Structure formats: structure tokens, C-alpha cells
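*Asks:* test case, fold it:
(4 chains)
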Number of protein chains: 2
Amino acid sequence: MRQSTILDVARAAGVSRQTVSNVLNSPGRVRPATRERVQRAIAELAYRPHASARRLRTQKSSTIGIRLDPMTDGISGSVLDRFLHALTEQADAKRLRVLLFTAKDPDDEILQFRRLTAGADVDAFVLTSTFHGDPRTEWLIDNALPFVTFGRPWGIDDMNDPKHLWVDVDGYSGLREATTHLLGAGHRRIGYIGWPSPSGTGDDRRRGWREAMAEAGWSEADLEPLHVATEEGVAQGADALHRLEAAAGAIDAVVCASDSLALGALIAARGRMPVVGYDNTPIAASLGFSSVEQPLDKVAEGILELLTGAHGGRVSRDGEQVSDPRHRLIAPHLVVRDAPVLSGEHS
Amino acid sequence: MRQSTILDVARAAGVSRQTVSNVLNSPGRVRPATRERVQRAIAELAYRPHASARRLRTQKSSTIGIRLDPMTDGISGSVLDRFLHALTEQADAKRLRVLLFTAKDPDDEILQFRRLTAGADVDAFVLTSTFHGDPRTEWLIDNALPFVTFGRPWGIDDMNDPKHLWVDVDGYSGLREATTHLLGAGHRRIGYIGWPSPSGTGDDRRRGWREAMAEAGWSEADLEPLHVATEEGVAQGADALHRLEAAAGAIDAVVCASDSLALGALIAARGRMPVVGYDNTPIAASLGFSSVEQPLDKVAEGILELLTGAHGGRVSRDGEQVSDPRHRLIAPHLVVRDAPVLSGEHS
DNA sequence: TTGTATGCGTTATCAG
DNA sequence: CTGATAACGCATACAA
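*Replies:* Numbering: from 1, shown residues only, chains lettered A, B, ... in the order given. Reported below is the predicted structural model:
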């Protein structure tokens, strides 16, 4: 059974194929009566425009490429998973496709950019986990390819004069909320376990904790022994809690930069104190500890908005101005859980 | 800067554009001298065939569609993640692209099948988590669309007369190996925590445990109190271990159908016995318990072999023909870990 | 509002 | 072994 083409529809509806094309692309230009007749024919023949033909004609693929990160080592791997799902779902609503690719390193990724755009497979990219001075973003800017990053450029003035379009989750406010919640629950000595500086994301989250504590009356000096930096990982989180207690003595609660660290701290704490994580991974849900949830559907929405510009639907061509702010900062929210699986039971 | 086309290359090399096409698609038909000249021109102009044009002409998209499962609730969500990565990477080597889509339910997924194939976006599908009497596979078969499933059809005779192409991991042998390993380490009373019947995957894994135990001398009757079925989840795993001990008394070790269950059991066991999981998720690695690893790159490889063989694809290596069987059963392997983070420390 | 002609970049056919 | 010609399905000026 051959796929029906626009010509079949035209014949069936008794119009020219041009009219069919108009019904599809600019319905306003066709008289309602004819339009309806054409649409009926389309439905009867189960006609679908041939994507490749359309792309060849329009010179746009309506496809966005995203690199599948190999770094699945962490507990937080599921974040990319969920983000991908949200992105795909919302892209679909805008008639955009999501194409996957992989790359070994930033240079290889640039090679893929070139390959995918040269072949017109993709006409925009979504980048995750960018860093300061990222060669990928510079290459994309130099080559005038549309892209949005999930993550700030971490440049001089990201808000008012960003180097490129970006969407990010406000880790600062996330940790601030987590800390404030613990303070509100009566905890005083709240520690923080995070990553070593300099780290855009890490420093931002630590600042959220620090400012919430400062508002509760803590001085910079008193806060100093209450935080500790470590690499990502469960064992590292456990170790960090021990170091924290060694340096600061008794602690009432602890907030962490990630669920991995939180899990480690939780194990080390053995129920002595509440632990709050970040990312709200399945692990947090399973073990019943609070965690900061990133609204990934909002992130995906923001990315697509930025990508398609004001006139949703197609990816904006280069040179086309995007009207509104060139970024979206999404506020996360704390998911509070009070039923710790790990510490609650005793044999 | 306009993309260079095949015509530009032809002019630069002083040949007709057809010759360029031949150099690309059937190099054998072009004289080496000319071929080299053309290839130099291609390199100089950084020419890449326009994917859409080629697809329009060949009526093949060289793209495989895969649904992004929404069920990321479990700890094992990262399995799909890793599989996707492996699939994308290997598809790339075969010049295939991977396109994502989402669907709310099987019916919606069928709608997406129709949409994606009608638009010629995709010409084959990869299905995950199939079940007995799956409407999706039936629809694809009825419409003669190429597809391979990750997971057996769970029909009458999957091995010799499968309903469709499939690749699966041999959960039976995985659990068998896990159990044998524990037996070899001197454990006698080894319990099993799995999912309720009927479940193709679940029953298969339980059989692995059962037969390993039978070989060690256990009778069906004696084995009965040593296994328990529960829904997926960490809390469920913990509960299951308690039920197991209540029914069977002292237990030496326990093997589980998933890392989620294993994590629950591990928490409930509090270091009293070794626990072995399935999927080798980051959680297993972080907490230091053994788990059965699914070789997802092998799975991806098998899927692509079956797929390219199915729609007249290329030869795999050195002119070797792809072998006959319409399926691949991949053997997993146990990753042994002896450094439990959870049970090892005491305050 | 509708129809006609043309080309997007590629590959297949079939002639030299 | 090479080169001219004809589609693939669609969308857009332009004419009616």
C-alpha cells in the first residue's frame, strides 16, 4: 500500500494540489467549504505530509539535537532521563522532533554538531551541563547555529547580557527554601555538604544555604565550620558528614548539593538528624528523605520557547531576533518527606 | 555561507554530479583516479549529503524511533538511560539516527507509530518492555513495519518460532549465576524476593534461583517458604525480607529480582546477610552490593543487527552474513561487591 | 480564492 | 566507466 501523497488528496477532493498545501500551511487562505472537503479527503486517505520532502523544500529539519550524556554514574542520572522525556513531550506538541547523538568529549561533540547540521538532520541544539568557557557554545555562536543550554553560561552578566540563550533551575532559591524549612522546623545548627569551589552550580547552591542561615542570625565566621566540600558520590557524602561533625560538633540537620551526597550523609547519620537532598531522585522518594525538585517540564518548556521564538512552531532562523528575555530561571521547590525508611526502624 | 551541494563538488572535481553520487554510494564503479579527485573536492568543500534530499529520493529515513518510557519511578530507571546511550552510539556507527517520542499508553503509542511512519520520519522501531499479547507488536506486524523488541514476546515458542524479532537478557542465567555464587561462598539458605506471577521476566528470574538451588540439593517443597513475591519498590523489598524471615526462619543470603527490592532488603537486613540485586544500577555500585549487570551494549548491538538485517541492511563485518536466528539472548554477568556501605559501619 | 510552473538535493535508469 | 534525464513530495512565487 503506497503512501498517499498530496496529489492523491487533491484528486480525491477535486482541487489542485496547491489548495491542499494551503489548507495545511495557511488555512486562512482557503474558503471554508473547500477547506472542509479537503480535510475530509485527508482524513479518508490518512494522508500525512512527507517529512523529508517538506524539509527539503523548506530547508529546515524541525528537529532538535541533544547529546545523551555518558555520565550516568551518579544517582542523579535519572534527571537527564526525566528532562529528556519532558523535552520530547513538549517538542511533540510544537511539531518538533528530538534526535539523539553521543560524543566522547567536547571536541567530538563539535564534530557531531558539524555533521548533523551539514546533513540538515538538525537545525538547533539543546546543550546540557555547560561550563565556563565551554568550547561548544563558542563554536555554535561562531557558526550562527541556534541553541539553548540547560544551565547558565556562568559568564559576567548572565541575566542581562548572556552570551547565549539559556534556561536554568535556581539552585540558590532551592537550597534557601530547604534551609528555611529546616529552620522553621526548629533546627538551629544546619550543616551543608556541597562541592568544592569554583563550581557555578555548587557555589550557587551553597549561597542559598548561607543566606538563609545569615537571615537566621548566623555570622560568616560561625558558619565556616558548618559546611564542607567534597566530590560527588555516596561514600563521599558519608565521609563528609563525619568531617562535618568532627569540625562543628553536634549538628541538628544537614542539607546537601545532591541526592548522592544526601544518601551518604543519611547512612552516616543513622537517623540522628534529618537530611535534605537535591534533585528529588527516585532514591529520595524510596528512602523517604526530603529533596529539592527541579521542575523539568518547566525547563523543557522554557527551552522550546526560547528556541522557537515568539511565533511558536518552527525553530527560529539565525539572525531572527528573540523578543523577550534571553533566559529563563526556574524556581525549584522542596518536596518534604517525613517517613525515613532508613532510620525509622530498629530490629 | 550556503551548504555546498553535490553539484558544487562535481564542478570542483570537473565531473558530473552523478559521478560524485557514485563515489559516495558505490565507490567500486568509479575509477580510482577520479574517485580520489572527487574525494578531495568533497573534503575541501566539507560537503555532506543533504539527509532530507537523500531520504526523499530513497524513501528511507534511516532513522529508528524509540519511545521514552514515562515509568522512571523505579531505581532502575537508569537502565533505559544506559540502553539509549548504547543504542544511539551503535546506531551512529551504522549511519542510523535515533528519534525519540513519547506516548501515554499503548493505544497512543500506536498512534505515534502511524504518525511517524506516515510522515516517513522513521522506518523502524525499537520497543521496550513488551508483554504477552502486546497490542503494539500486533499492530506493527499487521502493518508490516520493521521492529525489534528489547524483551521476549513471551509467546509459545520464542526461541524457534518467535512472533517477531527480539533481543533479551537472560534473566534466568543471571539469577542462576548470582545464586550459584552465593552457594559457592558457603551460604545454604538463600531466599528469593521477586515479583508475583504471572510475569514473563519475573518467572524467568525466579526459575534461575530455583534451579540453582535444586542443583544444590533443595527439593521443591523445601524451597517453597524461601521465596516471596511482591510489587516493585524499596519499601516492598524491606517488607518482603521480613515476611521471608517470618516464614522461613533464619536465612543466609537473599537474591532479588531488582535493585529496588535489593535495596529494601538490604536496609531491612541491616548487615545480617548479603543481598544481591539485579540491573547493577548506580545504587548498587554506591552502596557496594552485588548485582546482575545487563550488557546493554550487546543488547543494542543485537537489536541493530536484527534491524538492519530485517530491512535489507548492510553486512555486519568482513562480508559476513548475519546469522539466521530471529533473536538474541544475551547472557548477563554478576558484578560481585564485598564492601557494603550500609551495613559495615557502626557508630 | 485557486491553479501553474519551478526547484529543493539526491539517486536510479538508461543511454553513450 | 561516465553522463544526461527523470523523478521523489512538497511549498512558494506568480499568474489567473
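*Asks:* okay, CA-based contacts and neighbour counts for the rest of this
*Replies:* Fine.
*Asks:* quick one: buried residues of stretch A:168-180?
*Replies:* A:168-180 (16 or more other C-alpha atoms under 10 Å in any protein chain shown).
*Asks:* by contact count, what packs against whichever helix or strand A:Val276 is part of?
*Replies:* Per DSSP states H and E: A:Val276 is located in strand A:275-278. If contacts are counted by 3 or more C-alpha pairs under 8 Å, 6 or more residues apart in numbering or on different chains; DSSP states H and E, strand A:275-278 sits against strand A:253-256, helix A:259-269, strand A:291-293.
*Asks:* sheet-wise, list the partners of it with their directions.
*Replies:* Here strand A:275-278 has these sheet partners by DSSP bridges: strand A:253-256 (parallel), strand A:291-293 (parallel).
*Asks:* I'd like the next helix or strand past that strand.
*Replies:* Going down the chain from strand A:275-278, the next helix or strand is helix A:282-287, by DSSP H and E.
*Asks:* can I get the strand holding A:Val276 in PDB, CA atoms only?
*Replies:* The C-alpha trace of strand A:275-278 is given here as PDB (Å, rounded to 0.1, in the frame of the first residue of the first chain):
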ATOM      1  CA  VAL A 275      19.000  15.200  55.700                       C
ATOM      2  CA  VAL A 276      17.800  17.100  52.700                       C
ATOM      3  CA  GLY A 277      18.900  16.300  49.200                       C
ATOM      4  CA  TYR A 278      18.800  17.900  45.700                       C
END
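*Asks:* and the helices in the stretch 1-150 of chain A, which stretches?
*Replies:* A:6-13, A:17-25, A:32-45, A:51-58, A:77-93, A:106-118, A:135-142 (DSSP state H, counting those that start in this stretch).
*Asks:* of these, which stretch is the most buried?
*Replies:* Ranked by mean neighbour count under mean count of other C-alpha atoms under 10 Å in any protein chain shown, the helices of the stretch 1-150 of chain A are led by helix A:77-93, which reaches a mean of 21.
*Asks:* ok, and what's touching it?
*Replies:* A:71, A:97-98, A:279, A:281, A:296-297, A:299-301, A:304, B:68-70, B:72, B:77-78, B:81, B:100-102 (C-alpha atoms under 8 Å, 6 or more residues apart in numbering or on different chains).
*Asks:* out of those residues, which end up buried?
*Replies:* Using 16+ other C-alpha under 10 Å, the buried members of the contacts of helix A:77-93 are A:97-98, A:279, A:281, A:296-297, A:299-301, A:304, B:68-69, B:72, B:77-78, B:81, B:100-102.
*Asks:* so A:Lys258 makes contact with A:Thr281?
*Replies:* Heads up, residue A:258 is Ser, not Lys. No: if you go by C-alpha atoms under 8 Å, A:Ser258 and A:Thr281 don't touch, sitting 9.3 Å apart.
*Asks:* show me the shaky parts of the stretch 51-200 of chain A.
*Replies:* Applying pLDDT under 70 to the stretch 51-200 of chain A flags the ranges A:70-77.
*Asks:* residues in it within reach of DNA strand C, list them.
*Replies:* Taking C-alpha under 7 Å from any atom of the strand as the contact definition, the stretch 51-200 of chain A meets DNA strand C at A:53, A:56-57.
*Asks:* now for the helices of the stretch 1-150 of chain A, which one comes closest to B:Ala144?
*Replies:* B:Ala144 lies closest, by C-alpha to C-alpha, to one member of the helices of the stretch 1-150 of chain A: helix A:32-45, at 18.3 Å.
*Asks:* quick one: the closest one near DNA strand D?
*Replies:* No: using C-alpha under 7 Å from any atom of the strand, helix A:32-45 never reaches DNA strand D; the gap is at least 10.5 Å.
*Asks:* among the strands paired with strand A:275-278, which is nearest DNA strand C?
*Replies:* Closest of the strands paired with strand A:275-278 to DNA strand C is strand A:291-293, at 45.0 Å (criterion: C-alpha to the nearest atom of the strand).
*Asks:* list the contacts of that closest one.
*Replies:* Contact with strand A:291-293 is made by A:174-175, A:178, A:259, A:276-280, A:284, A:332-336, as judged by C-alpha under 8 Å, 6+ apart.
*Asks:* next SSE after it?
*Replies:* Using DSSP H and E, the first helix or strand after strand A:291-293 is helix A:296-308.
*Asks:* averaged pLDDT, that next one. What do you get?
*Replies:* The average pLDDT for helix A:296-308 rounds to 94.
*Asks:* starting from the next helix or strand after it, tell me which strands it pairs with and how they run.
*Replies:* Once the chain leaves helix A:296-308, the next helix or strand it forms, by DSSP H and E, is strand A:327-330. Here strand A:327-330 has these sheet partners by DSSP bridges: strand A:166-169 (parallel).
*Asks:* and whatever helix or strand comes next after the strand it pairs with, what does it pack against?
*Replies:* With elements assigned by DSSP H and E, the helix or strand that comes after strand A:166-169 is helix A:171-184. Applying 3+ C-alpha pairs under 8 Å, 6+ apart, we find helix A:171-184 packed against strand A:190-194, helix A:200-215, strand A:253-256, strand A:291-293, strand A:333-335.
*Asks:* possible to save the strands paired with strand A:275-278 as TSV with mean pLDDT, distance to A:Ala43 and mean neighbour count?
*Replies:* Listed next are the strands paired with strand A:275-278 as TSV, based on pLDDT from 0 to 100; distance: least, C-alpha to C-alpha, whole Å; neighbours: other C-alpha atoms under 10 Å in any protein chain shown:
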stretch	mean pLDDT	distance to A:Ala43	mean neighbour count
strand A:253-256	98	55	26
strand A:291-293	97	43	26
